[in-house]
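Peer 1: Sequence and predicted structure are below.
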Amino acid sequence: MADFTRDQIEKLLSVKPTGVINELTNKDLSGLDLSGLDLSRCNFNGTKLRKANLSRAVLGGRNGGTIDNADLTGAKLIHADLHGVRGNGNTILDEADLTGATLVSAQLEGTYFENATLKDVDATRARFVGANLCRSDLSGATLNGASLAGADLTAATLLGINVDIRTDFTNTIVNECRVERYTLESLHHERTISRAGRIVMQTIDPVADMRMAYSGFLSTLHLVAVIMFVSPYVWFVCQKWLLSYAAIVGDSTTIVEALGWYVWTGGRQYVSASMHGSFVFFVLSMLYNVVRIRQVWKTKKLNHRA
């Protein structure tokens, strides 16, 4: 059972409107719902906040509070504000959910983030020096000016992250870490991941993947498949065009209308017939082939520029 309730903490915050609150140091607040509270003046040194709900809460940093030696394993910090928060090598955020959290200028050297979710966090100028980020998910995170020097990013996901020339990945451990090639090229040459590190990480290159799927022999196969798809309809139009010269007087059906009924009825061509099940397949196939042609065309342009 937790040492405090939410009501007691809210009362404590109101009784002491200024200054640092030390009453929560080394306490057990596991499982509490503290969402939306301004806890920036609270000292959580050594406090247990395991599986606590801190979504949209404000913690530490700007008003003197800290989370040194705190245990936030499994805590929910979705869209929480940790601007300037300070932790240390004994601060544990393993398996915590910090989706969309603000970590601007946070000092989290040596902090444990193993299996944590940090999707879309704003960690501008944050310091993760020596932090354990094994198997963490930082997809879409903003790391402009952030330092991850010496951090352990083993099997971490860094897809879609935002970096700049100030972002520091010096001496990071990146075994099986997933990152896009564009991200690596955006880093400063003195702060980037070493060549040895790049060998053991998984570099995702969407452009190369597209070229592999839509260029060379495969592009020919795609074009042949498109031709096979449209050929019955082209043949039908040609037939109708040739027969139009011998059309019966009074038949006002145009070639476009005939083609429409041909597709709608699955080739039965009867104006009074209901929609055939193949019409849905035709629509899906048409959309797929349009996308296919577009991808082949984009790949041709890329290869031409290269």
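Peer 2: On my side now, so go ahead. Small disclaimer: the values here were computed from a predicted structure and weren't measured.

Peer 1: how deep is the nearest residue to Phe236 once chain neighbours are set aside tucked in, by neighbour count?
Peer 2: Nearest residue to Phe236, sequence neighbours excluded (C-beta to C-beta, 6 or more residues apart in numbering): Tyr262, at 5.6 Å. In this view, the C-beta of every residue, glycine as well, is placed from N, C-alpha and C. Residue neighbour count, defined by other C-beta atoms under 10 Å, stands at 17 for Tyr262.

Peer 1: which SS state does Tyr262 fall under?
Peer 2: helix (DSSP: H, G, I helix; E, B strand; the rest coil).

Peer 1: Can you list the residue ranges for helices in the stretch 1-150 of the chain?
Peer 2: 6-15 (DSSP state H, counting those that start in this stretch).

Peer 1: Contact partners for Leu24?
Peer 2: Remark: with contacts taken as C-beta atoms under 8 Å, 6 or more residues apart in numbering, Leu24 is in contact with 4, 9, 12, 42-44, 47.

Peer 1: From Thr66, how far out is it?
Peer 2: 11 Å (C-beta to C-beta, to the nearest Å).

Peer 1: go on, Leu13?
Peer 2: Using C-beta to C-beta, one gets 17 Å for the distance from Leu13 to Thr66.

Peer 1: Let me see the ranges of the helices in the stretch 201-306 of the chain.
Peer 2: Under the criterion DSSP H, counting those that start in this stretch, the stretch 201-306 of the chain contains helices at 206-214, 217-243, 255-264, 278-305.

Peer 1: Reformat those as TSV; add mean pLDDT.
Peer 2: Output for these, formatted as TSV (pLDDT from 0 to 100):
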stretch	mean pLDDT
helix 206-214	61
helix 217-243	81
helix 255-264	79
helix 278-305	76
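
Peer 1: Nearest to Tyr182, out of those helices?
Peer 2: helix 206-214 (8.4 Å; C-beta to C-beta).

Peer 1: For the residue nearest to Phe236, give its distance to Val234.
Peer 2: 12 Å.

Peer 1: mind giving me JSON lines with the helices of the stretch 201-306 of the chain and columns for distance to Ala106?
Peer 2: Below are the helices of the stretch 201-306 of the chain laid out as JSON lines (distance: least, C-beta to C-beta, whole Å):
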{"stretch": "helix 206-214", "distance to Ala106": "30"}
{"stretch": "helix 217-243", "distance to Ala106": "46"}
{"stretch": "helix 255-264", "distance to Ala106": "59"}
{"stretch": "helix 278-305", "distance to Ala106": "39"}
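
Peer 1: show me the contacts for Leu184.
Peer 2: 192-193, 198, 203.

Peer 1: which of those lies closest to Glu176?
Peer 2: Nearest to Glu176 among these, counting by C-beta to C-beta, is Thr203 at 11.3 Å.

Peer 1: quick one: pLDDT of that closest one?
Peer 2: What the model reports as pLDDT for Thr203 is 83.

Peer 1: need the contact list for it.
Peer 2: Residues near Thr203 by C-beta under 8 Å, 6+ apart: 179-181, 184.

Peer 1: Show me what it bridges to in the sheet.
Peer 2: Val179 (DSSP bridges).
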